[in-house]
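[1] Okay, sequence plus prediction incoming.
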Amino acid sequence: MPGDTLLAMDAPAAETSRAGRTHPVERLVFFTDAVVAIALTLLILPLMESVEQASELGDTLHWVQAHSSQLLSFVLSFVLIAVFWRAHHRLYEPLERSTGRLIVLNFCWMFTIVWLPVATALSGAMDTYNSETGEYDRLMIGLYVGTMFANALFLYLMEVEARRHPSLARSGQRNSRAGESVALAMTVLFGLAAAVALLFPMVNLLAMFLLTLTGPLQALLHKRMKPPVPAAD
């Protein structure tokens, strides 16, 4: 039939148009991995600078005691960036292409990764409590925990965008709904941690222990989530 012939002729054009609205993910993933690697390296720089003056403190034990807050911030940030990277890798592993919106969200996610070494250096170098004024540095705490909240939020939005476009995945693969529920659970808990740290600054980074609830909250969210309605590609 002539109509069937026209439809068959239009099919390649439709596929080309669809592919034109998406982008291969390989270069984006490689670039993101490089940004994460650089951010991990930058975390150590404040400690490297302090080592140059280590001899003034007498011995290694005194250096560790003098820079205990920096060491704690470094270890915490290193672990969290590793967790964020693993979640990002799990998100992109089944994908073959990305939308323009997904690319924008990915760059927003990378911004939080690049900023985290600065927030880490601030939290390690600055005292949370100012004994002279009797006030807590809420801004410093907010920048540190808030950066992680923003990272988890952008990761969740990327999960949602990927789930809305199943055609982005490689043939026979799809994004796991578990990844979306984990990202949402982390977003909620980082948001609560930021609120607790700002309202009760004496708690400081202890608010991060709320993240131990990620597993139970993720399981609850996973059960309550409804299958998303795929968007028209």
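    Right, received. Where do you want to start?

[2] Just list what the helix or strand encompassing Gln70 packs against, helices and strands only.
    Using DSSP states H and E, Gln70 maps to helix 68-92. Applying 3 or more CB pairs under 8 Å, 6 or more residues apart in numbering; DSSP states H and E, we find helix 68-92 packed against helix 26-42, helix 45-51, helix 100-125, helix 138-164, helix 177-199. Placement of C-beta: from N, CA and C, glycine included.

[3] Quickly, which of those bottoms out on average pLDDT?
    Within those, confidence is poorest for helix 45-51, with a mean of 82 (mean pLDDT).

[4] so how far is the helix or strand following that helix off the chain centroid?
    Going down the chain from helix 45-51, the next helix or strand is helix 60-66, by DSSP H and E. Centroid separation between helix 60-66 and its chain, computed with CA atoms, centre = their mean, to the nearest Å, is 32 Å.

[5] Can you tell me the closest non-neighbouring residue to the spatially most central residue of the chain?
    Residue closest to the mean C-alpha point of the chain, counted by CA atoms, centre = their mean, is Asn151 at 3.5 Å. Of all residues not flanking Asn151 in the chain, Thr112 sits nearest, at 4.0 Å (CB to CB, 6 or more residues apart in numbering).

[6] ok, so what distance separates that neighbour from Leu155?
    Plainly put, Thr112 is 9 Å away from Leu155 if you go by CB to CB, to the nearest Å.

[7] Skip the chain neighbours and tell me the closest residue to Val145.
    Nearest residue to Val145, sequence neighbours excluded (CB to CB, 6+ apart): Ala194, at 4.3 Å.

[8] Name all residues that make contact with the one you found.
    142, 145-146, 149, 207 (CB atoms under 8 Å, 6 or more residues apart in numbering).

[9] Out of those residues, flag the one nearest to Pro216.
    Closest approach between the contacts of Ala194 and Pro216, by CB to CB: Ala207, at 17.5 Å.
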